[in-house]
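In: Fold the following and give me the result.
(chains A and B)
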There are 2 protein chains.
Amino acid sequence: MERSIRLLLAYDGSNYCGWQRQRQGEPTIQGILEEGLQIICGHPLTVHGAGRTDAGVHALAMVAHFHTQVAHPMAAFCKGLNSLLPPDIRILSAEEAGPEFHSRFSALAKIYRYDFFTGEIMLPSKRLYTGHLPGIFDPVPVREALRQLAGTHDFSSFERSGSRDLSCTSGRGAIRTLYEASCEPLAEIPQGWSLRLKGDGFLRQMVRIIAGTVIEIGLGKRPPDSISQILAIRDRKAAGQTAPACGLFLEQVIYPPAA
Amino acid sequence: MERSIRLLLAYDGSNYCGWQRQRQGEPTIQGILEEGLQIICGHPLTVHGAGRTDAGVHALAMVAHFHTQVAHPMAAFCKGLNSLLPPDIRILSAEEAGPEFHSRFSALAKIYRYDFFTGEIMLPSKRLYTGHLPGIFDPVPVREALRQLAGTHDFSSFERSGSRDLSCTSGRGAIRTLYEASCEPLAEIPQGWSLRLKGDGFLRQMVRIIAGTVIEIGLGKRPPDSISQILAIRDRKAAGQTAPACGLFLEQVIYPPAA
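Out: I've put the predicted structure just below:
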């Protein structure tokens, strides 16, 4: 019987070339997971993720699925798989999924978080998980900019130039909906802040380009009212810098209650 | 003119064999600092720290001092030194100290923090900075145990066997005073907890042995009222396991207002 197994997993992306398996044999999350699962299942398989995080990006709760015919108990895909994985990748849970479930196409929304530090000297124990964007930071214009970004827009200006996410084959082009966007202080780091974006999908590097742009606004390097213009231009050059990968976390993938 | 320079620094101890310079050339915080300062000052020197953290232990605010005759501006010992140091060691500030100041002997108290996680699966992005001690954890008996540890006691049972801190040459043996000891939830990690100990001095591995012992009490592996007995026995074997180094942070060193 063909089974579909759904995994919830977390990873520290610091030592990986992103989620997606590479031909050149560079270490990736997908590649490491597939190696482990092939040992457990005894056959080659593909692990499908809800999204493809870039090199250095972390996940607190990535969702993935794969198909197998082996009759192993579920613990094989959680405890068993964890025993084969390095400590920077952890399966949080595994469960049986329906045949119609697809980690990526069934997803309704994703939440990303971008943590950054605006002080001068980065605390060593936070450096691997926090973007360093020093300066005098004011969250008020950032919140105004995020209000302007929320809603449905063509986010071409916030997409890595020369790339186009495969999900765009759905015909929606660069149109995405940001349901929520906030900027709050990080409890554990003075001069640390966290952006949180919830949307129906994200273009390549979209969160990091939004983060880089609104942080420039918060640092006074860009006028607070420039968002509508940037959106209208539909050109990557109009937006700000891509914020460093290490501050980005995939925090949650949201599915319909039935999925 | 002989100058005494006082440094405040933070480090991620993950990749170091502790604070203290080793003869075998293994990487240590003191060794790396001395190498950098010797380049800046142009003469060999010794950096004296407020304490000697073990391999893998972190510091948020270690204090150290050294002597030199060079007339460099203070920025040379902060920004200048940071440019020579790896990103896992950062000078937070540098200032001129009086000739009577000694980072270790002038210290009135130190605060250590021990962060740990009691859930089953450790979050990858927290694994380098959080001890993993899984189980059903109850903070109530831990707080009672910490109340019994607070005050002035002979802490021989909480000292690494076969070791004796050099500060014991002061004649106080293993007698130390714990001014404050608390156990609070970690805001950013569900099932995460933080012990905070403020004392006039700490024996070798004392914080980690206290942490290991009281966490065993919180996990129900040791009776809550065993602290007075453990103290009375004055034997390392009476206490619990030494908690993993990665959860320990030197948080603050306290000096008299004048120092």
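In: beta partners for residue A:10?
Out: Counting by DSSP bridges, residue A:10 forms beta bridges with residue A:90.
In: what about residue A:111, neighbour count?
Out: If you count neighbours by other CB atoms under 10 Å in any protein chain shown, residue A:111 ends up with 18. Quick note: C-beta positions are derived from backbone N, CA and C, even for glycine.
In: Buried residues of the helix or strand where it lies, list them for me.
Out: Taking DSSP states H and E as the criterion, residue A:111 maps to strand A:109-117. By neighbour count with 16 or more other CB atoms under 10 Å in any protein chain shown, strand A:109-117 contains the buried residues A:109-117.
In: Now the nearest residue to residue A:7 once chain neighbours are set aside: phi and psi?
Out: In this structure, residue A:7 finds its nearest non-sequential neighbour in residue A:64, 4.8 Å apart by CB to CB, 6 or more residues apart in numbering or on different chains. Main-chain dihedrals, residue A:64, degrees, to the nearest 10: phi -140, psi 160.
In: Can you give me the neighbour number for residue A:64?
Out: When counting by other CB under 10 Å, one arrives at 24 neighbours for residue A:64.
In: repeat for residue A:44
Out: Neighbours around residue A:44, by other CB under 10 Å: 8.
In: what residues does the stretch 151-259 of chain A put near chain B?
Out: By the rule CB under 8 Å from any CB of the partner chain, the part of the stretch 151-259 of chain A lying against chain B is A:187-188, A:249.
In: Which ones among those residues lie within strands?
Out: residue A:249 (DSSP state E).
In: beta partners for the residue nearest to residue A:7?
Out: residue A:7, residue A:49.
In: how about stretch A:209-221: buried residues?
Out: By 16+ other CB under 10 Å, the buried positions in stretch A:209-221 come out as A:209-219.
In: Please name the bridge partners of residue A:199.
Out: Residues in beta-bridge contact with residue A:199 (DSSP bridges): residue A:110, residue A:178.
In: what sits against the residue of the stretch 51-200 of chain A found nearest chain B?
Out: At 3.9 Å from chain B, residue A:124 is the closest residue in the stretch 51-200 of chain A, using CB to the nearest CB. By CB atoms under 8 Å, 6 or more residues apart in numbering or on different chains, the residues touching residue A:124 are B:10-12, B:58, B:87-90.
In: Tell me the spatial nearest neighbour of it, not counting adjacent residues.
Out: That would be residue B:12: by CB to CB, 6+ apart, it lies 3.9 Å from residue A:124.
In: next one: phi and psi at the one you found?
Out: Main-chain dihedrals, residue B:12, degrees, to the nearest 10: phi -100, psi 110.
In: Show the low-confidence segments of chain A, by residue range.
Out: A:163-171, A:259 (pLDDT under 70).
In: can you give me the helices for it?
Out: Ranges of helices in chain A, per DSSP state H, are A:29-41, A:79-84, A:139-149, A:206-218, A:227-233.
In: Pick the most buried one from those helices.
Out: helix A:206-218 (a mean of 26; mean count of other CB atoms under 10 Å in any protein chain shown).
In: got the CA positions of that helix in PDB?
Out: What follows is helix A:206-218, C-alpha atoms only, in PDB (Å, rounded to 0.1, in the frame of the first residue of the first chain):
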ATOM      1  CA  MET A 206      11.100  38.100  -0.900                       C
ATOM      2  CA  VAL A 207      11.200  38.100   2.900                       C
ATOM      3  CA  ARG A 208      14.900  39.000   2.900                       C
ATOM      4  CA  ILE A 209      14.400  41.800   0.400                       C
ATOM      5  CA  ILE A 210      11.400  43.200   2.300                       C
ATOM      6  CA  ALA A 211      13.400  42.900   5.500                       C
ATOM      7  CA  GLY A 212      16.400  44.700   3.900                       C
ATOM      8  CA  THR A 213      14.100  47.500   2.600                       C
ATOM      9  CA  VAL A 214      12.000  48.200   5.700                       C
ATOM     10  CA  ILE A 215      15.100  48.000   7.900                       C
ATOM     11  CA  GLU A 216      16.700  50.700   5.700                       C
ATOM     12  CA  ILE A 217      13.500  52.700   6.400                       C
ATOM     13  CA  GLY A 218      13.900  52.100  10.100                       C
END
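In: Tell me how far that helix lies from the chain's centre.
Out: What separates the centre of helix A:206-218 from the centre of its chain is 15 Å, taken as CA atoms, centre = their mean, to the nearest Å.
In: and residue A:92, how many residues sit next to it?
Out: Residues lying near residue A:92 (other CB under 10 Å) number 17.
In: Nearest residue to it in space, ignoring adjacent ones along the chain?
Out: Leaving aside its chain neighbours, residue A:92 sits nearest to residue A:8 (4.5 Å; criterion: CB to CB, 6+ apart).
In: Wait, the one you found touches residue A:59, no?
Out: No - counting by CB atoms under 8 Å, residue A:8 does not reach residue A:59; the two are 9.9 Å apart.
In: Looking at the two, which is more packed in?
Out: The neighbour comparison of residue A:8 against residue A:59 (other CB under 10 Å) goes to residue A:59, with 29 against 19.
In: How many neighbouring residues does the closest residue to the more buried one other than its chain neighbours have?
Out: Among residues not flanking residue A:59 along the chain, residue A:250 sits closest, at 4.2 Å (CB to CB, 6+ apart). Counted with other CB under 10 Å, the neighbours of residue A:250 add up to 26.
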